[in-house]
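Visitor: Please work out how this folds:
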Amino acid sequence: MTEKRSPRDVARQVLEIEAQAIRDIIPQLDDGFDRAVELMVNCRGRVVCTGMGKSGLVLQKVAATLASTGTPAMFLHPAEAIHGDLGMIVDGDVVLAASNSGTTEELLRLVETVQRLAVPLIAITGKPRSPLALRADVSLSVAIQQEACPLNLAPTASTSATLALGDALAMATMNLRGFTDRDFARLHPGGQLGKKLLEVSQLMHRDEKLPRVATDAQMRDAVFEMSSKGLGITAVVDENNRLVGAISDGDLRRQLEVHDDLLTHSVAECMHRNPRTIEAAALASAALHQMEEHRITSLFVCGSDGDLEGIVHLHDLWRLELF
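Guide: Numbering: from 1, shown residues only. Predicted coordinates for the structure are as follows:
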């Protein structure tokens, strides 16, 4: 019978053991890890992740992480595989199998078929000399000192180590593929994450909703434009629609201090030059970062030639609840 301790004492011990198990993987990394990543990067099909029990649950997550970071992947249950689902593995695939003991019967039976299909096999196991490790093209060790379970029985530290190594494989593969935040945005259109990865072009005010006046306009025209568009700022453009300046609420207040007849002055006299801009393809999160960094509420959206395309306002980002 195990000694009863406070929940927090148990939690501290579990976290320390699992953290140490992950740290222990680092010195076990060798050329095999590089070969595994190379197999996954060059995979013409999918990375088929498989495992039984807790290892299977971990590999489901690894498959999801791979798929969400640009590597086509799926999970295949070993027991279902040997009862008819082997057709899911095709030429061009790579199999990623996990078993802490390396002796899981259903997994070894699946491996026999994988070898007949000549599909590369990457094994993650806590026993580097186990049958699974010896039959794999590449074997990756997640050997641990002990489980976090007080009885040293329930898979805890071993599954944490397997998950961490799976994440490492996914991130290294993502890096070699040159996967970018644009690619990430394409694969994550929904939820809070999808909102952060929206492009500025999807949020900006354009056409008739875009406040702008010509350089030869008077300030009364600028005030009217700012009031009608309700963004507290207007762009100033030349005859070719290139952004040359801007007038904001703050500019109006400063100009009123020096001009009693402000409304009759030209926009060119009162505008501030070189307003902050951003590209239409930039992410909403990048726009928010720039606004916070420069303590401004609007960014003009311009093309590479300086042509004014739109404006994005802090309120547009507030509505996304990016904060």
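
Visitor: just the strands in the stretch 151-300 of the chain please.
Guide: For the stretch 151-300 of the chain, the strands defined by DSSP state E, counting those that start in this stretch occupy 212-214, 233-237, 243-248, 272-273, 277-278, 298-302.

Visitor: distance of Arg253 from Leu262?
Guide: According to Cβ to Cβ, to the nearest Å, Arg253 stands 10 Å off from Leu262. (Each C-beta comes from the backbone N, C-alpha and C, glycine too.)

Visitor: what about the longest helix seen in the chain, average pLDDT?
Guide: Ranked by residue count, the top helix of the chain under DSSP state H comes out as helix 157-177. Averaged across helix 157-177, pLDDT comes to 96.

Visitor: which strands and helices sit next to that helix?
Guide: Judged by 3 or more Cβ pairs under 8 Å, 6 or more residues apart in numbering; DSSP states H and E, the packing partners of helix 157-177 are helix 7-25, helix 31-41, helix 53-68, strand 94-98, strand 121-125.

Visitor: redo that, cut-off 6 Å
Guide: Helices and strands touching helix 157-177, as assessed by 3 or more Cβ pairs under 6 Å, 6 or more residues apart in numbering; DSSP states H and E, comprise helix 7-25, helix 31-41, helix 53-68.

Visitor: quick one: contacts of the first one?
Guide: Looking back up the chat, that one is helix 7-25. The set of residues external to helix 7-25 that reach it, using Cβ atoms under 6 Å, 6 or more residues apart in numbering, is Val142, Ile144, Ala148, Ala157, Ser160, Ala161, Ala164, Leu165.

Visitor: Could you report the neighbour count for Ala268?
Guide: 15 (other Cβ atoms under 10 Å).

Visitor: Distance check, it against Val237.
Guide: Using Cβ to Cβ, we find Ala268 at a distance of 11 Å from Val237.

Visitor: Please list all residues in contact with Val244.
Guide: So Val244 contacts Val236, Asp238 (Cβ under 6 Å, 6+ apart).

Visitor: ok, Thr125 - contacts?
Guide: Neighbouring residues of Thr125 by Cβ under 6 Å, 6+ apart: Ser99, Gly102, Leu132, Ala133.

Visitor: In three-state terms, label the last one for me.
Guide: This means Ala133. helix (DSSP: H, G, I helix; E, B strand; the rest coil).

Visitor: Tell me how many other residues crowd it.
Guide: 19.

Visitor: Then the first one?
Guide: Using other Cβ under 10 Å, the number of residues around Ser99 comes to 30.

Visitor: So it is in contact with Pro131, correct?
Guide: No: Ser99 is beyond contact range of Pro131, at 9.3 Å (criterion: Cβ atoms under 6 Å).
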